[in-house]
Each structure stands twice: as structure tokens, then as C-alpha cells.
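Trainee: sequence and predicted structure below; questions after.
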Amino acid sequence: SASDNGTGAARGLWSSRMAFILAAAGSAVGLGNIWKFPYVTGENGGGAFVLVYLLCIAIIGIPIMMSEVFLGRNGRHNPITSMRLVAERNLRSPLWRISAVVGMIAAFVILSFYSVIGGWSASYIGHAAMGDFSGGTAESIGELFGGLLSSPGQLLIWHTIFMGLVVLVVSRGLKGGLERVATILMPALFILLLLAVGYAATTGHFGEAVSFLFTPDFGALSISGVLIALGHAFFTLSLGMAIMMAYGSYLGRDVSIARTAVSVAIMDTVVALLAGLAIFPVVFANGLEAGAGPGLIFQTLPLAFGNMPMGTLFGTLFFVLLLFAAWTSGISLLEPVVEWVEEKTSLARTGSAILVGLLCWLLGITSILSLNLWADVAPLGMFERFEGKTIFDLLDFFTANIMLPLSGLLTAIFVGWFVAKESLKLDLALDGGAFSLWYGLIRFVTPVAVIIVFAYNLFG
Ligand code: PFF
Ligand code: NA
């Protein structure tokens, strides 16, 4: 109801600022940090890419995250309703809520295939624990991965398990579900990562990894690498998906949005860098290829685990960690849509979570089939640009490259240009200099940067 606006008391709040930070960090920290960051860094030459990526987090990611949290907390409803309310309060068109609509559709679609990849992580825990990587060769490990991808039955089982885990937590609501899981999993993830880095330090190639990650060689960075860094900064912080709006809607009024956003961004960045420090020493020690691409974790690392001392333990821990990270991100993808269904229909929390989860699970089956039975089905194959792209590829392309930047851009423009400055000042409660810095970034720097990425993704 609208009467809880301002306090949010009727819908409940995070029990502490830390709980919000952990939940938001749980969303941000995911496959993007542990699977994607190392391989895109490897593909884009290391240090210089990392430096640009850090800059993007600071000047684009953090300002947009602050804007999303502001919108959620100011609106105190599901993301779509929140944006409409904030627009109305500022005497602006309710159509601005299209930004949240696009973000929520993207979240729903992304979850459908994120769950499939989360399922791979779950299945690899079993393989690692049972010693299936032991003494493996590139061929045998490749067969293991290929076997998983070519089996619709196996993929379906793991997809179902992953989606079930996500629905289970979301159906329990704010306190019993999200918050509890995040407060346990996030610290566990940090500890596991530190262990992994500790192990990597014993490989004798730690220094090599450190200089690969932190010595900028701008000759190794292309213009497209700069744009990839910007796009990844977006994805890794879970921006443009209405998630920070949904989470922000439960945030207490006395909490500093800026300090919170900065904390989340720092945690996400630290995890990505730790993942790099855990993975690259192993890659170098085993003469593997840093620029191996998406297979880095699922193909090259198991090879390393299979041939190192304590590899069974280390490999199992690694995939447990990956599943934890994917799980909390999956939860955050389901939350905004469930919040919306719960508020808009007569369904209660559990019913909403099961309904949305079921629909998302069904959509995920198209991604599973894209990996095997429908591998040759290219629905947009008549356009040159989409030749050979499976349904899975298309879902990934349209969400990551079009919907997220569009949603983020609309959010930045709306908050920067159409929300009263006094209202922003009041809610952000920053001192003059910090406010001016954020305001300048969100009005000018962020939209221009996002438009560049957007245009590059569309036409580049
Ligand atoms: N930020 C997550 C990651 O880095 O893996 C991925 C993600 C989570 C993307 C949630 C989108 C999302 F809504
Ligand atoms: Na991330």
C-alpha cells in the first residue's frame, strides 16, 4: 500500500545495512566475477584492461547503482511501480517506468539461461568430488564437458535443481530467504576464495599472475577491449536489471546510499581480482592459455585440478564457490519479477515465486536444447549478423547488449535530468562536493559512455 511509503514498514526492511550490502553483493558477485572476468581479462591482454575496467566501475557503475537504489527506496514498491511513483512525484510521465519493465524482462530472460550455466557448476561439484578430473588429459576433460552439453537429460536435471534452489530461497521472502542465505554464503565465498588464492600462491607462478593482472600494457588493449570493459562493469554490478531497485526498496531511510553502493562495488571488484589471482597462477603453472575464452573454468581448470596435489579438494571447493556465487545472483534475478507478481496479483509470495520460477524454467529449456538437439536452429539466421546464432546465443545477445544498456541509460537520464535535484539531495544525503561529483557523472558522463557502448554493440 502507499501508506508505508517513506518507512517501508509494511513490507519489511533489511535488518541491517550490512544485510543489504551482503544481499546486493551476493547479486553482483557471480559467474561474471569468477568465470567471465578472468577470461575476458585473459583475452584482452591483462593489466591495461583491468585498469580501464576499474575506472568504469568507479565513474559509471557506482553512479548508476546509486540511482537504482535511490529509485527503489524512494518508491518502496516493485521496480515498475516504484519508478511510476517517483515519476509522478516529480510531475513526470509515468512512462519512465519502461526502464524497469525492460530491466525486469531482461532479468527474467537472463535467469532462464543463467540457471543452465549454474547447473553446470553444480554438476562439476560432483565430478570434482568424485575425482573425475584425476589424471585427466585435455581430451578426457573436453569429453566430460562435451558430454554434459550434448545431454539434454543431464542439463535438464541440473537446470531443474538450480532453479529449484533459487525458487526455494525467493519463496521464503526477505528475512527467511534472501537475507539469511546472503549473510551465510557471502562470507563463506570470501573464505573459499582466499583459500583458493592461498593454494595458487604455492604454484610458484603467483608473481607472474600478479604482473599479468596489474602491469598495464596499453599496447595489448584495443578499442573494443575498452568497450568490453565498460559492458562488463555493467553486467558484473547487476545494473540495468531493476535488481538494485528491488533490493533498494527494502533499504532503511537512514542508510547512506553512496557508502552502500561503494561497498558493494568494492566487494564485487575484490572478488573478481581474487578470482584472477586464484586462476591465473594455475593457468600459468600448467602452461594453459590465458586467452582460452569461456572454456577457461570448465575445461582448462579441471585439467589443472586433475593433475595437481590436493586437486580433488581444491577443485571441489572451487565449484562449490562458483555455485554459491551463481545461486545468490540467480536469487536476485528472480526477486524483482516475483515482487511485481506478488503486488499485482492475489498470489502470495510462495505462489508467485513458484509461478515465475516455473515459467523461467520452461524458457531455460530452449537454451538447453540450443546446446544439442537445436544446435543448428538459428531463428534469425536470415540476417547476416545472426547467422548460426542459436536461441541461447540470441537470448544472451539481446539481453546483455541491448536491454541492459537501454534500461541503464533510461535510468541515468531519468534520475539525472527528470528528478528534482532537491529530492536527490535529500535522499542521497551527500555533502556538497560529493553530490556535485555524482550529479555530474550521472547527467553527463554515464549517459554518454552508455550510448557509446550501446551503439558499438548494435553497429560495431
Ligand atoms: N552480476 C552477476 C555476475 O557478475 O555474475 C551476474 C548477474 C547477476 C547479472 C544478476 C545479472 C543479474 F541480474
Ligand atoms: Na559481478
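Mentor: That came in fine, so what should we check first? Numbers count the residues shown, from 1 in each chain. Ligands and ions are numbered 1, 2, ... in the order given.
Trainee: so what does the host helix or strand of residue 62 touch, helix or strand wise?
Mentor: Residue 62 is located in helix 62-75, with elements delineated by DSSP states H and E. The criterion is 3 or more Cβ pairs under 8 Å, 6 or more residues apart in numbering; DSSP states H and E, and the helices and strands that helix 62-75 contacts are helix 79-89, helix 243-248, helix 257-285, helix 404-413, helix 421-428. Where you see a C-beta, it was placed from the backbone N, CA and C, and this is true even at glycine.
Trainee: for residue 13, find the nearest of these.
Mentor: Nearest to residue 13 among these is helix 243-248; the distance by Cβ to Cβ comes to 11.0 Å.
Trainee: now find how far off-centre the closest one is within its chain.
Mentor: Centroid separation for helix 243-248 versus its chain: 13 Å, with Cα atoms, centre = their mean, to the nearest Å.
Trainee: the residue lying closest to residue 53 once chain neighbours are set aside: what's it in contact with?
Mentor: Setting aside the residues directly before and after it, residue 53 is nearest to residue 229 in space (Cβ to Cβ, 6 or more residues apart in numbering), at 4.2 Å. Going by Cβ atoms under 8 Å, 6 or more residues apart in numbering, residue 229 touches 44, 49, 52, 53, 56.
Trainee: cool, residue 138 as well?
Mentor: By Cβ under 8 Å, 6+ apart, the residues touching residue 138 are 299, 303.
Trainee: and the longest helix seen in the chain, what's buried?
Mentor: Secondary structure assigned by DSSP state H gives helix 311-344 as the longest helix of the chain. Taking 16 or more other Cβ atoms under 10 Å as the basis for neighbour counts, the residues of helix 311-344 that come out buried are 311-312, 314-342.
Trainee: tell me the angle that helix makes with helix 257-285.
Mentor: Inter-element angle recorded for helix 311-344 and helix 257-285: 150 degrees (by axes from the mean of the first three to the mean of the last three Cα atoms, to 10 degrees).
Trainee: how about helix 311-344, does it get close to ligand 1?
Mentor: Yes: remark: helix 311-344 sits within contact range of ligand 1 at 329, 332, 333, by Cβ under 6 Å from any ligand atom.
Trainee: for those residues, which one is nearest residue 241?
Mentor: Taking Cβ to Cβ as the measure, residue 241 lies nearest residue 333 of the residues of helix 311-344 next to ligand 1, at 7.0 Å.
Trainee: correct me, but that closest one touches residue 246?
Mentor: No: in terms of Cβ atoms under 8 Å, residue 333 does not count as a neighbour of residue 246; the distance is 10.0 Å.
Trainee: for the residue of the chain found nearest ligand 2, the count of nearby residues, please.
Mentor: The minimum distance from the chain to ligand 2, using Cβ to the ion, falls at residue 236 (3.4 Å). One way to gauge burial is a neighbour count; for residue 236, by other Cβ atoms under 10 Å, it gives 25.
Trainee: and for residue 176?
Mentor: Per other Cβ under 10 Å, the neighbour tally for residue 176 reads 12.
Trainee: can you pull the pLDDT of it?
Mentor: The per-residue pLDDT reported for residue 176 equals 72.
Trainee: distance of it relative to ligand 1?
Mentor: As judged by Cβ to the nearest ligand atom, to the nearest Å, residue 176 and ligand 1 stand 21 Å apart.
Trainee: save the residues of helix 311-344 next to ligand 1 as a markdown table, and put in pLDDT and distance to ligand 2 too.
Mentor: Compiled in a markdown table, the residues of helix 311-344 next to ligand 1 are given as follows (pLDDT from 0 to 100; distance: Cβ to the ion, whole Å):
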| residue | pLDDT | distance to ligand 2 |
| --- | --- | --- |
| 329 | 93 | 7 |
| 332 | 92 | 11 |
| 333 | 93 | 12 |
